[in-house]
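K.L.:
starting from these lines, generate the structure:
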Amino acid sequence: MILIDGAKKVTEYYRSNPKVDVVYISGSVSRGWADEYSDIEINVLWIKDPTDEERLYPMKERGGEILDFYPYEDEEWSETYMVSNIKYEISNFRTTTFQRIIADLLIKYNGDIEKQVLLASLQSGIPLIGKDIFKDLAMLNNIVVNWAKNRVIFRNHSNTH
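P.N.:
Coordinates of the predicted model:
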């Protein structure tokens, strides 16, 4: 519970930014598997690309020590910092990136493992900002996942008969 409270405190610094669409907790904390060694993983979905200042703002306001700060690469910006001996891992994406990955899975049947892991975070994620948009993305993802499962089952059944 302490980790979720820490995530909520960080989230408040994103709330006033009109470019932020969704903020949600992912990883072991969202799945209820956290222990004394766990970090806090937070995904931030942006309407427009974040500036470095916008990404650094929550860390600075919380008095965090920056461990890593990565530029845009492979459709993601990321940063890691420590506050009160708790490690925060922030992954930033465009909202449209999630929408495109879901569409790619459905239309192109692109089963790239990294994309699947990213979309899996929607299954157990805990939305803190943009709950309606998060629910829409999660629902769309569930539809695609179920469609893909049925497609594989149908294909396997067809191949055995």
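
K.L.:
list the residues that contact the one residue sitting closest to the centre of the chain.
P.N.:
Central residue of the chain (CA atoms, centre = their mean): Asn43, 3.5 Å from the mean position. With contact set as CB atoms under 8 Å, 6 or more residues apart in numbering, Asn43 has these partners: 22-24, 26, 90-93, 121, 125. C-beta here means a position set from N, CA and C on the backbone, and glycine is covered the same way.

K.L.:
tell me which of those fall in strands.
P.N.:
Counting by DSSP state E, the members of the contacts of Asn43 that fall within strands are 22-24, 26, 90-93.

K.L.:
would JSON lines of these with pLDDT be doable?
P.N.:
As requested, these are exported to JSON lines (pLDDT from 0 to 100):
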{"residue": "Val22", "pLDDT": "97"}
{"residue": "Val23", "pLDDT": "97"}
{"residue": "Tyr24", "pLDDT": "97"}
{"residue": "Ser26", "pLDDT": "94"}
{"residue": "Ile90", "pLDDT": "97"}
{"residue": "Ser91", "pLDDT": "96"}
{"residue": "Asn92", "pLDDT": "97"}
{"residue": "Phe93", "pLDDT": "96"}
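
K.L.:
mind listing the strands for the protein?
P.N.:
Across the chain, reading from the start of the chain, the strands by DSSP E fall at 20-26, 40-46, 65-73, 76-83, 86-94, 126-129.

K.L.:
turn those into CSV, including distance to Tyr57.
P.N.:
CSV is the format used below for the strands of the chain (distance: least, CB to CB, whole Å):
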stretch, distance to Tyr57
strand 20-26, 11
strand 40-46, 11
strand 65-73, 12
strand 76-83, 11
strand 86-94, 11
strand 126-129, 14
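
K.L.:
those strands: which one's closest to Ile2?
P.N.:
Shortest separation from Ile2 across those is recorded for strand 86-94, at 8.1 Å, computed as CB to CB.

K.L.:
quick one on the thing from earlier: closest to Asp132 out of the ones in strands among the contacts of Asn43?
P.N.:
For Asp132, the nearest member of the ones in strands among the contacts of Asn43 is Val22. The distance, counting by CB to CB, is 9.3 Å.
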